[in-house]
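[1] this is a predicted model, with the sequence first.
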Amino acid sequence: MRAPQKHPDRTTRLGRVITFIVLMVAYFSLIYGLSHFLAIKASDRMSLSLLVLALVLLFDPLHDRARRLVDRVFCREAADSAMLQDFGRELAQTLDLDTVLTEISNKVEGVLHPIRQWVWLYDEERASYVGQPMGDGKHAASPVILIPDGALTGWLREHRKPLYLPVEQELPAELSSEWTQIRAFGAVVYVPLCVRERLSGWLALGPKRSGQPYRYSDLAFLSALNDQSALAVENARLYASVRRSLGAVTETKHQMDDVFGSITSGVITTDVKDKVTSFNRAAEIILDIPVGDVIGRPCQHVLRFLGNDLQHMVRLIKRGETPMVAYEIQPELPSRGAVWLRVSISPLKDSRDVTTGVAIVVDDLTEMRQLEARARRIRGTFERYVSPALVDRLLSNPETVRLGGVRREVTSFYADIRGFTAFSENTSPEFQIEVLNKHLTLVAGAILAHEGTLDKFVGDGAMAIFNAPVEREDHTLLAVRAALATQRAVREYHAQVEEEKRLDFGVGVTVGQAVVGNIGSAILHNFTAIGDCVNISSRLSSTAEPGQILISAEAYKRVKDQVETRFIGHVQVRGHSHPDPVYEVLGLKSESEQAA
């Protein structure tokens, strides 16, 4: 129950009367006791004078102590009221919620000495009352949440006075639905913190450490404490809520600034007067313009290289005649030269869907367009000479193809038609081209099927390289397999045609270092290999009999475990001081032989 208010003047007068009576009784009792104990006689003037002097010196301290004792026992409410008014004025000077709650906790502790203290305050974000321990147990427990429509909350909001629930007393009927939860808190007193018609929260106190119950005067003290501190708590709570909201807004703004600054697209915004209001870092890099040169200036002036129609398109967007405009341009920038940009313009709208400006997004397509052009160039160069799979691998790394050459180990493959001169003397040119094209198609198919690069057709022969432009660890074996596939395809074809259409290849395969790359001019060039191994493979193919495959000693070392061969002797190659050993490929070893 809230303690009734007493008239302050009447209470003060009563306190003074009681104090006077107490002091008089104490004074005469002291004189009588001391005179009796010390056996001072009335005729002993010196002793009486010293006794009176001692009493005079002790009177003021005794008076002050007696007055405080009387005020505490008989006039506590008036004393508490004066003390709490001063306390309320002190609280009003701070908006820090933790400080306010700490001061209240200290005041309660100093007067009532409860075992524990809690405070529940309304949290707008959770739309609930959130409870935390106060005092020494401030960080000892997790928050406890109570809904605004709960039984305890409703009682405190309706009655607006302290609720005392001794452990031995049953809960009121209206609180029975929350009996378990209320008892679990260990609190016996609940003091609402009310400001006008609003329940900001409440204090909850456990039993006294002395084990004594809370008296009527204790509840009156808590009620008066509520009157003096509720407004300070509410102000501090609202201030803390505002600070959290401001912090969240500030953090969101910083996050947006970080996002705005880290995106790769240039983002430019303008106001309704077409003046630039923001210009992110990407826009500075793409357009090579410092942000200080554009902020606050008309976008048509500082962004004129975005197209002559920029002003017209911005006007269309602001009028709402189109939701967005996107186009691509190829301007010339002073520091970057020719670039390829995609520009998108869209409206900026506020919460009322009113257009407040435009957003211009600029994407730099220069590198992408350059890669696309390079891809077209690569495809145009290689799609007729290598397999589609190799073309795709080259496109994934265009840097491997460039004008000029690199030194690399390759396997050189040469296939030359044997006896073509005699064949051409007895046939028409048209028939020669028909038969030649058919045989060259067979060898080209075998090369591409084994991931070789068809370098060129040289008269009645074909040249290929393996391990360029795409590297393969088993490039020599692939070349030998391609040679065997060529001879097999020729035999199958010969079985289907008349004898006059039959021609045979001599094939030479070697391994060595060569310069590989696009050789020629920027206008006309060819991907090829230049080196001694290429010359040797050409010499071996011209030496080989029809249907024969000859390989160099280095190539033999690479494939001897997988291929059946026989040594046939030495061949003198132009430019070599000594003849080179040569091996004939007979076929592939069986899987069991390769394993052995």
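    Received, thanks.
[2] please make it C-alpha for all contacts and neighbour counts, starting now.
    OK.
[3] helices of the stretch 251-400 of the chain, start to end?
    Secondary structure of the stretch 251-400 of the chain (DSSP state H, counting those that start in this stretch): helices at 281-287, 299-302, 310-319, 366-382, 388-395.
[4] got the buried residues for the third one?
    Buried residues in helix 310-319, defined by neighbour count with 16 or more other CA atoms under 10 Å: 310-311, 313-318.
[5] nearest to residue 533 among those residues?
    Nearest to residue 533, judged by CA to CA, of these is residue 310 at 60.8 Å.
[6] do you have the strands of the stretch 451-596 of the chain handy? List them.
    453-458, 461-466, 504-520, 525-530, 549-552, 563-571, 580-588 (DSSP state E, counting those that start in this stretch).
[7] I meant to write the stretch 51-200 of the chain there.
    Going by DSSP E, counting those that start in this stretch, the stretch 51-200 of the chain shows strands at 117-123, 128-134, 144-146, 163-164, 189-195, 198-205.
[8] that older thread, lowest-confidence stretch among the strands of the stretch 451-596 of the chain?
    Here the lowest mean pLDDT among those goes to strand 525-530, at a mean of 78.
[9] tabulate the strands of the stretch 51-200 of the chain in JSON lines, adding columns for mean pLDDT.
    Below are the strands of the stretch 51-200 of the chain laid out as JSON lines (pLDDT from 0 to 100):
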{"stretch": "strand 117-123", "mean pLDDT": "87"}
{"stretch": "strand 128-134", "mean pLDDT": "85"}
{"stretch": "strand 144-146", "mean pLDDT": "80"}
{"stretch": "strand 163-164", "mean pLDDT": "88"}
{"stretch": "strand 189-195", "mean pLDDT": "87"}
{"stretch": "strand 198-205", "mean pLDDT": "87"}
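[10] excluding chain neighbours, what is closest to residue 145?
    Spatial nearest neighbour of residue 145, excluding adjacent residues (CA to CA, 6 or more residues apart in numbering): residue 130 at 4.5 Å.
[11] what do you get for residue 347?
    That would be residue 358: by CA to CA, 6+ apart, it lies 4.3 Å from residue 347.
[12] before we move on, what about residue 237?
    residue 97 (6.0 Å).
[13] what does residue 501 give?
    For residue 501, the closest residue by CA to CA, 6+ apart turns out to be residue 435, at 6.1 Å.
[14] for residue 344, same thing?
    Nearest residue to residue 344 in three dimensions, chain neighbours excluded: residue 326, at 4.3 Å (CA to CA, 6+ apart).
[15] could you report the neighbour count for that neighbour?
    The number of residues packed around residue 326, counting by other CA atoms under 10 Å, is 13.
[16] domain parsing for the chain?
    For the chain, the structural domains run 8-74, 94-242, 264-364, 402-595, going by automatic domain parsing.
[17] ok, now which ones touch the nearest residue to residue 305 once chain neighbours are set aside?
    Distance criterion CA to CA, 6+ apart; nearest residue to residue 305, sequence neighbours excluded, is residue 331 at 6.3 Å. For residue 331, the contact set (CA atoms under 8 Å, 6 or more residues apart in numbering) comprises 305-306, 338-341.
[18] what subset of those is buried?
    306, 339-341.
[19] adding pLDDT and distance to residue 353, write those residues out as CSV.
    What follows is these, written out as CSV (pLDDT from 0 to 100; distance: CA to CA, whole Å):
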residue, pLDDT, distance to residue 353
306, 79, 27
339, 87, 36
340, 86, 33
341, 88, 30
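[20] nearest to residue 209 among the residues you listed?
    residue 341 (77.5 Å).
[21] test my guess that the closest one contacts residue 326.
    No: using CA atoms under 8 Å, residue 341 is not in contact with residue 326; the gap is 10.6 Å.
[22] quick one on the thing from earlier: out of the strands of the stretch 51-200 of the chain, nearest to residue 269?
    Per CA to CA, nearest to residue 269 of the strands of the stretch 51-200 of the chain: strand 117-123, 37.4 Å.
[23] save the strands of the stretch 51-200 of the chain as JSON lines, and put in mean neighbour count and distance to residue 294 too.
    Below are the strands of the stretch 51-200 of the chain laid out as JSON lines (neighbours: other CA atoms under 10 Å; distance: least, CA to CA, whole Å):
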{"stretch": "strand 117-123", "mean neighbour count": "22", "distance to residue 294": "45"}
{"stretch": "strand 128-134", "mean neighbour count": "20", "distance to residue 294": "49"}
{"stretch": "strand 144-146", "mean neighbour count": "16", "distance to residue 294": "52"}
{"stretch": "strand 163-164", "mean neighbour count": "20", "distance to residue 294": "66"}
{"stretch": "strand 189-195", "mean neighbour count": "24", "distance to residue 294": "52"}
{"stretch": "strand 198-205", "mean neighbour count": "23", "distance to residue 294": "50"}
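[24] any idea what the closest residue to residue 113 other than its chain neighbours is bridged to?
    Among residues not flanking residue 113 along the chain, residue 208 sits closest, at 5.7 Å (CA to CA, 6+ apart). Beta-bridge partners for residue 208, by DSSP bridges, are residue 114.
[25] ok, now which ones touch residue 208?
    Counting by CA under 8 Å, 6+ apart, residue 208 has contacts 112-115, 214.
[26] and the two most separated of the residues you listed?
    Largest separation among the contacts of residue 208 by CA to CA: 115 and 214, giving 12.6 Å.
[27] thinking again about what came up before, just the strands of the stretch 451-596 of the chain: most buried one?
    Each of the strands of the stretch 451-596 of the chain was scored by mean neighbour count; the highest is strand 549-552, a mean of 27, by mean count of other CA atoms under 10 Å.
[28] quick one: distance of it to the chain centre.
    Centroid separation for strand 549-552 versus its chain: 60 Å, with CA atoms, centre = their mean, to the nearest Å.
[29] how about it as CSV, C-alpha atoms only?
    Presented in CSV, the C-alpha positions along strand 549-552 are these (Å, rounded to 0.1, in the frame of the first residue of the first chain):
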residue,chain,number,x,y,z
ILE,A,549,56.2,-44.0,-89.0
LEU,A,550,59.7,-42.9,-88.0
ILE,A,551,60.6,-41.3,-84.7
SER,A,552,63.8,-39.7,-83.3
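[30] any idea how many residues pack against residue 106?
    Other residues close to residue 106 by other CA under 10 Å number 14.
[31] what's the closest non-adjacent residue to it?
    For residue 106, the closest residue by CA to CA, 6+ apart turns out to be residue 135, at 7.5 Å.
[32] quick one: low-confidence parts of the chain?
    In the predicted model, the chain carries pLDDT under 70 at residues 1-89, 91-93, 136-142, 243-263, 375-404, 520-525, 591-596.
[33] residues in contact with residue 204?
    Contacts of residue 204 (CA under 8 Å, 6+ apart): 117-120, 187-191.
[34] so residue 279 makes contact with residue 295?
    Yes: because the distance of 7.2 Å satisfies CA under 8 Å, residue 279 is recorded as touching residue 295.
[35] so for those two, which sits in the more crowded spot?
    Taking other CA under 10 Å, residue 279 and residue 295 do not tie; residue 279 has more neighbours (22 against 18).
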